[in-house]
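Trainee: sequence first, predicted coordinates after that:
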Amino acid sequence: MAEEPISSGSGTEEDPWVLKTPPGSSSYTLHRGSRDGVDALVCTVGKTVLFYDARCIDDLHAMLVERGDWVELGSADEQKPAKDGTVEAWGRSSDNPVGGWYGLKKGLRGRFGMYVPPLLEHLGLAELEHHARGNRMRAR
């Protein structure tokens with residue numbers, strides 16, 4: 001079983017959340033900021049910076065509450081299709097509350113299912129599995 005992920009920080013640019021991917025294999029940071037006038041989560045993975053609409057925190061939690069069970073994460077790059085029924089697919093769906101991608105940086109809008117779920121776990125909104133593959137999450 002993977003080592004339990006660590007998390008810290010308050011979510012500001014000066015004190016970002018320091019998180020690990022669900023398998024516990026990589027660390028990254030998230031903080032609140034803005035992108036083109038939208039309240040955003042700024043996700044820094046190595047030298048790559050991704051942006052997600054910050055309302056995804058409440059929207060994803062609401063979706064998990066509505067489903068009432070475990071939901072597979074299904075992380076995938078923007079250029080690859082997301083597996084149906086996963087958090088990743090929901091994060092791109094025209095049926096979600098924003099009517100499409102929560103990712104705000106064209107070309108780097110994917111991996112929603114990799115980088116957003118650990119934040120919900122850190123905030124106490126969700127329970128997350130930490131296996132090498134096939135992780136799922138559910139609302140708390």
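Mentor: Okay, I see it.
Trainee: so what touches the longest helix seen in the chain?
Mentor: Across the chain, the helix with the greatest residue count (assigned by DSSP state H) is helix 56-67. The contact list for helix 56-67, computed with Cβ atoms under 8 Å, 6 or more residues apart in numbering, reads 41, 71, 87, 90-91, 96-98, 102, 112, 116-117, 119-120, 123, 125-126, 137-139. (Each C-beta comes from the backbone N, C-alpha and C, glycine too.)
Trainee: also stretch 28-47?
Mentor: Counting by Cβ under 8 Å, 6+ apart, the neighbours of stretch 28-47 from elsewhere in the structure are 9, 11-13, 15-21, 26, 49-57, 104-105, 115-116, 119.
Trainee: all helices for the chain, in order.
Mentor: Taking DSSP H as the test, the helices found in the chain are 56-67, 87-90, 112-115, 117-122.
Trainee: over to the residue nearest the centre of the chain: give its phi and psi.
Mentor: With distances taken as Cα atoms, centre = their mean, the residue of the chain nearest its centroid is Val116 (1.3 Å). Note on Val116: backbone dihedrals following degrees, to the nearest 10 are phi -90, psi -40.
Trainee: show me what contacts it?
Mentor: With contacts taken as Cβ under 8 Å, 6+ apart, Val116 has the following neighbours: Leu41, Tyr52, Cys56, Ile57, Leu60, Val87, Gly91, Tyr102.
Trainee: now for the residues you listed: which two are most distant?
Mentor: The distance between the two most remote of these (Cβ to Cβ) is 14.6 Å, for Leu41 and Val87.
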